[in-house]
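# the sequence and its predicted three-dimensional model are supplied below.
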Amino acid sequence: MKKSRLLFTFSSALCLLSASGCGGGSTPRPAPSVTLSASASSGTVGQAVTLTWSSANATSCAATATPSEADWSGSQSTSGSKSVSPASAGSVTYSLTCTGTGGSASGSKGVNWIAEIKISSSPPPGGTVGVTYYLHSVPCIQGFPGCVCVPTLSGVRCSLRVSGFPFTASGGTQPYAWSWAAATGSTLAPGLNLSSAGALTGSPTMAGNFNVQITVSDSASPAIQSSTTYNIAINNPLPPEISTTPAPSIGAVNLPYSFIFTAAFGVLPLTWNETGALPPGLALSADGVLSGTPTATGNFPITVTAQDSVGQSSASQDFTIQIGLHGFKATGNMAAARSKFTATLLNSSKVLVAGGFSGSASLATAELFDPNSGSFAPTGSMGAARFAHTATLLSDGKVLVTGGEDVNGNFLATAELFDPASGISSPTGGLATARSNHTATLLKNGKVLIVGGDGPGVELSSAELFDPVTGVFLPTGGLTTGRSGHTATLLNDGKVLVTGGLGGSLYLESVELFDPASGSFAPAGSMTTARVEHTATLLNGGKVLVVGLDANANGLPAAELYDPSTMSFAATNSMPSPRSLHTATLLDNGQVLVVGGASFFTSGGESDSLSSAELFDPSSGTFAPTGSMGITRRLHAATLLTDGKVLVMGGIDLNRNVLATAELYQ
């Protein structure tokens, strides 16, 4: 009995210690559990989200992330918290697996990481009171409104002028969909505005240094933001500075006058005022236009000031308004804009205008100016388009047109005759040598002397004679020096004086005389200075006035006289305005009208065109200003009409526009 009781007690103890128990059943061990949470379901890269977890019935835990993250991996305690922050944006699943005697369990939590916003634009530039803020050019597509395209060596460049500074950023929930604002408490310059799209625009109205905090936000909830503080300096503009060039044009009594004063700097618009006695009939408007019809001659000193829109005043500037007896008045326009063309007075008192360069093409068209109506009307075209040619009125009233150049740079040997009776140009015998920029002079025997000019790669020394009877050109004695851009003037003794020009890349001062009796040229001394693109005008007394800038572009001496009796040149008084590519016209009163041109001429090109004109008086040997043209011109034409007026037409203006306008000096 005792033995059996002891066996029972021992077996009972074994059952209690065994995991499965006794009596035919089993008792399982409890499985682990895991709880994992995140402080936020989304976060910004560079900031942190806290993961918190706990587990039961677990002896160990391991962390993993998809995609993998260095700050959530490996063994972890069975409960705790940890901050995580990935290096890049995207969705990350954080997982925790815990293991115990009853097995293992896992929990996970997803966090969407958003890239932080960074302001990427450079600091905004400073500005000027009254000036549109940050006016600049941006590329554009040809045809877009306001898009301006210009040819370049590499193609066509198109740009659009826009204003305003664009702030830029990167990151956030929706790229390129940020909202911008100036933070409360920071200060934008008065007159500037920041749009929600990030454009800083306007015109500042106050000078100073303005500290402004610019904040950009995205569309997340809560919004992700970034801020940067900038200092924007707004300066006062320079006060207006009145321009003294060009000087006010010279007006003429009883002819319309207009001149616009200009100034640099200042905030537009400017308000203009003057003190002093203006010429009777003229008035100065608040916008700086001096206009009207003067009724008295004389010199009228005035003082002009300008005030800008923020109240800054210019220094006073003195001017003298000159009103003379004669000046220019606009007349009808040509049908075509032309430069380097010819204008020939016909026996009918009309003027034949032929050929020229339009700015893009050589012209074959011709037109007639009628002094009675003051208008131009088309007439028969030439057989060939040409510029830098010559046109000479023959003894029978027809006009001989010779040589020239086409738009492709080809030198022409063709010639044609314009018949005013029929208005038709017909071919005649060709030149022996193709040439442009040559001269053509009607000799006393009725023949036409063609001299020099440009040929392919060389200035020509050859000359030829056109015989109207046979319609044929025949060579005659040649120049001793090839030249173009020279002059040829018929003297009273029938000889032809050839002066200056360009020869072998040199500006020439040499002079030659053509003798029709021998058909040859002979050296005839030298001018006082080398000249090119000048003029030579036969005066009533037989001397020749040579006018134009010298080869060094210094204008000294600007004019000289050739005396056939001594075959020598002597300097005369200089012109007030040195010029070349001008015209010089002998008036009925014996004076010479010098009009327009360029202020200098070099092998590299000419400078600004001139609107001024002056008169040379042979009796005193001096130049005096006369009324100015209404527009600047060079490479134009001028023709003395039978009524004593001078028709000036075409040419190229200050902005290199080829002109169709015409004016009458009267």
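On my side now, so go ahead. Residues are numbered from 1 along each chain as shown.

# tell me the domain ranges of the chain?
According to automatic domain parsing, the chain comprises the domains 33-114, 118-235, 243-325, 543-666.

# looking at the ones you listed, which is closest to G332?
domain 543-666 (6.5 Å; CB to CB). Just so you know, the C-beta spots here come from the backbone N, C-alpha and C atoms, and that holds for glycine as well.

# give the rounded mean pLDDT of the closest one.
Averaged over domain 543-666, pLDDT sits at 88.

# in CSV: the domains of the chain, plus distance to E416.
Output for the domains of the chain, formatted as CSV (distance: least, CB to CB, whole Å):
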stretch, distance to E416
domain 33-114, 80
domain 118-235, 35
domain 243-325, 38
domain 543-666, 19
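
# pLDDT score for the residue most central in space within the chain?
Closest residue to the average C-alpha location of the chain: V150 at 8.9 Å, with CA atoms, centre = their mean. At V150, the model reports a pLDDT of 76.

# show me the contacts for it.
By CB atoms under 8 Å, 6 or more residues apart in numbering, V150 lies in contact with V156, R157.

# try 6 Å
Residues in contact with V150, defined by CB atoms under 6 Å, 6 or more residues apart in numbering, are R157.

# cool, and E512?
With CB under 6 Å, 6+ apart, E512 has these contacts: L479, V498, F521, P523, A524.

# would you reformat the residues you listed as JSON lines and include neighbour count?
What follows is these, written out as JSON lines (neighbours: other CB atoms under 10 Å):
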{"residue": "L479", "neighbour count": "22"}
{"residue": "V498", "neighbour count": "29"}
{"residue": "F521", "neighbour count": "21"}
{"residue": "P523", "neighbour count": "12"}
{"residue": "A524", "neighbour count": "19"}
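
# what about these, which are in strands?
V498, F521, P523, A524 (DSSP state E).

# just put the residues you listed in TSV and tack on distance to E614 and pLDDT.
Formatted as TSV, those follow (distance: CB to CB, whole Å; pLDDT from 0 to 100):
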residue	distance to E614	pLDDT
V498	25	98
F521	32	98
P523	32	95
A524	28	94
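
# let me know the closest of the residues you listed to P246.
Of all these, P246 sits closest to V498, with 34.5 Å by CB to CB.

# tell me the bridge partners for that closest one.
For V498, the beta-bridge partners are A488, E512 (DSSP bridges).

# that one contacts L491, correct?
No - with contact defined as CB atoms under 6 Å, V498 does not reach L491; the gap is 11.0 Å.

# closest one to L654 out of the ones in strands among the contacts of E512, please.
Ranked by distance to L654 (CB to CB), these are led by V498 at 31.9 Å.

# so, low pLDDT: which residues of this protein?
Scanning the chain for pLDDT under 70 picks out the ranges 1-27, 151, 153-154, 173-176, 222, 549-557, 600-607.

# the nearest residue to W178 once chain neighbours are set aside and F165, how far apart?
Distances taken as CB to CB, 6 or more residues apart in numbering put V216 closest to W178, at 4.8 Å, once the chain neighbours are dropped. V216 is 14 Å from F165, where distance means CB to CB, to the nearest Å.

# who touches C149 in this structure?
Counting by CB under 6 Å, 6+ apart, C149 has contacts Q142, V156, C158.

# now these as JSON lines including neighbour count?
Shown next, in JSON lines, are those (neighbours: other CB under 10 Å):
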{"residue": "Q142", "neighbour count": "9"}
{"residue": "V156", "neighbour count": "9"}
{"residue": "C158", "neighbour count": "17"}
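
# so of those residues, which ones are in strands?
Short answer: those in strands (DSSP E) are V156, C158.

# ok, the contacts of C149 vs A536, which is closest?
V156 (44.5 Å).

# in the sheet, who's paired with that closest one?
In this entry, V156 is beta-bridged to P151, by DSSP bridges.

# do P523 as well
Where P523 sits in a bridge, its partners, by DSSP bridges, are E512.

# roughly how far apart are it and M567?
From P523 to M567 the distance is 10 Å (CB to CB).

# please list all residues in contact with T35.
Contacts of T35 (CB under 6 Å, 6+ apart): S54.

# next one: it from A391, what distance?
Going from T35 to A391 by CB to CB gives 106 Å.

# could you identify the most distant pair in the ones in strands among the contacts of E512?
Across the ones in strands among the contacts of E512, no pair lies farther apart than V498 and P523, at 10.3 Å, counting by CB to CB.

# what is the neighbour count of the nearest residue to F357 once chain neighbours are set aside?
Nearest residue to F357 in three dimensions, chain neighbours excluded: F387, at 4.1 Å (CB to CB, 6+ apart). The tally of other residues near F387 (other CB atoms under 10 Å) stands at 25.

# related to what we said a few turns ago, in JSON lines, list the contacts of E512 along with distance to N657.
Formatted as JSON lines, the contacts of E512 follow (distance: CB to CB, whole Å):
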{"residue": "L479", "distance to N657": "36"}
{"residue": "V498", "distance to N657": "33"}
{"residue": "F521", "distance to N657": "39"}
{"residue": "P523", "distance to N657": "42"}
{"residue": "A524", "distance to N657": "40"}
